[in-house]
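K.L.:
Mind folding the following:
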Amino acid sequence: MIANAWQFMLSAIAQWAAKKVPQWSLRWQNKVLFESAMLRAVRALVVMALTMMSLQFVVHGFDTLVPMQLPSAKWQQHQESTHRLLQQLNLQQTQFAVAQTQLNSNNVLLEAQQIQVDDLTLAWPNSNFRLPMLNRLQQMAQRRGLQVLDLKASPETPMHGFETSTLRFNVKGSEGAVQAYWQALNQLFQNGLWVTWVFRALPNGLSSFEGQLQLLWDADDAFTDTGVELLDAALTGSETKPNSLIPRKTHEDLTHALPDLSPQSMQIVGAARPSGAAENIAAWTWIRSGAQIHLVQSGQRVGLEKHRVGQVDDRGLWLLNESGQSDTKLGWEVVKP
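P.N.:
This next block holds a predicted model:
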């Protein structure tokens, strides 16, 4: 239906144009086409319409072509974006520099604090101090002219992973000497907690200082009570069998010396022991193997058979098997010095 109507309309326009075009052509040739006022008005409207269409086309084309022909706008936007990124980068670098400075300051402070902790750790009395502790405290009191009325130490139940003991004392003397003794105890026992302390002014013008300290000892100290007792036995000249051993460290902590050599290729060239120890106690031994000299200590495994270093006597160095028996001996290179 619509197609038929559209075809009918086109046919009517074509018929009308077929009639009018020859007339318009003839009048155009005779230059009388626009003599009537109506035709001149139509001509003006057509010219105005074409002009407006042309202007609209030019404006549309200008809007389309200007962004392509003016890259400076995009370049300016790119520069502004780059400038903002540079500002952010500079801000981050400044913040990083401030953070780095703060980190360096914290590291310096941490090192200083670690040094203080190390100093306190070094000042912490170990188990090696327990044995002569009472004798030392008595000597400290005597040097200050104090009279020791009571001085004893007793072990207590372990606390917080530390071995504990209680020290009780009572001294009498001048006020200045008592104060000095109290300050010396504070400095000496970094591992001490004061339980009670009492200062008394006596009628004879003297002063007394009575107190109780709870002492904490490191249970993992290398110089344990057992080691201190053995060392004390050595220093007092107690009898020691040839196959006995005084460990200074846990045996398993010592490296295996000369693992590729047999005892037959080794000879002793020297030995050393703690000052004041018994003659049959040796802690360090120098062993020659070929042109090289090696230093080993008591309890250390040595050689292919993995024997442990025992003691040195006039006959040589005794090597201990797994059962602790002396079944191998390394002789002296020359007569024992």
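K.L.:
what stretches of the protein score poorly on pLDDT?
P.N.:
Applying pLDDT under 70 to the chain flags residues 32-34, 62-71, 116-128, 219-253, 273-283, 335-337.
K.L.:
Secondary structure class of residue 137, three-state.
P.N.:
Residue 137 falls in the helix class when you classify it by DSSP: H, G, I helix; E, B strand; the rest coil.
K.L.:
Pull the number of nearby residues for it.
P.N.:
By the criterion of other CB atoms under 10 Å, residue 137 has 21 neighbours. In this view, the C-beta of every residue, glycine as well, is placed from N, C-alpha and C.
K.L.:
any idea how far it is from residue 168?
P.N.:
Distance of residue 137 to residue 168, given as CB to CB, to the nearest Å: 11 Å.
K.L.:
okay, and the common contacts of the two?
P.N.:
In terms of CB atoms under 8 Å, 6 or more residues apart in numbering, residue 137 and residue 168 are both contacted by the residues residue 151.
K.L.:
can you give me phi and psi for the closest residue to residue 160 other than its chain neighbours?
P.N.:
Using CB to CB, 6 or more residues apart in numbering and skipping the chain neighbours, the partner closest in space to residue 160 is residue 216 (7.7 Å). Per-residue torsions, residue 216: phi -110, psi 130 (degrees, to the nearest 10).
K.L.:
Mind jotting down where the helices sit in the protein?
P.N.:
Applying DSSP state H to the chain gives helices spanning 2-29, 37-69, 72-123, 133-143, 175-188, 225-235.
K.L.:
before we move on, back to that, neighbours of the residue nearest to residue 160, how many?
P.N.:
Look at residue 216: counted by other CB under 10 Å, it has 21 neighbours.
K.L.:
does it have beta-bridge partners, and which?
P.N.:
According to DSSP bridges, the residues that bridge with residue 216 are residue 164.
K.L.:
Enumerate every residue touching it.
P.N.:
Shown in contact with residue 216 (CB under 8 Å, 6+ apart): 159-160, 162-164, 191-193.
K.L.:
Buried ones among the residues you listed?
P.N.:
163-164, 191 (16 or more other CB atoms under 10 Å).
K.L.:
Let me have the residues you listed in JSON lines, adding distance to residue 77 as columns.
P.N.:
Output for the buried ones among the contacts of residue 216, formatted as JSON lines (distance: CB to CB, whole Å):
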{"residue": "163", "distance to residue 77": "76"}
{"residue": "164", "distance to residue 77": "76"}
{"residue": "191", "distance to residue 77": "72"}
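K.L.:
Return the closest of these with respect to residue 93.
P.N.:
residue 191 (49.3 Å; CB to CB).
K.L.:
Now the closest one. Nearest residue, chain neighbours left out?
P.N.:
Leaving out its chain neighbours, residue 191 is closest to residue 216 (CB to CB, 6+ apart), at 4.7 Å.
K.L.:
Thank you kindly, that will do.
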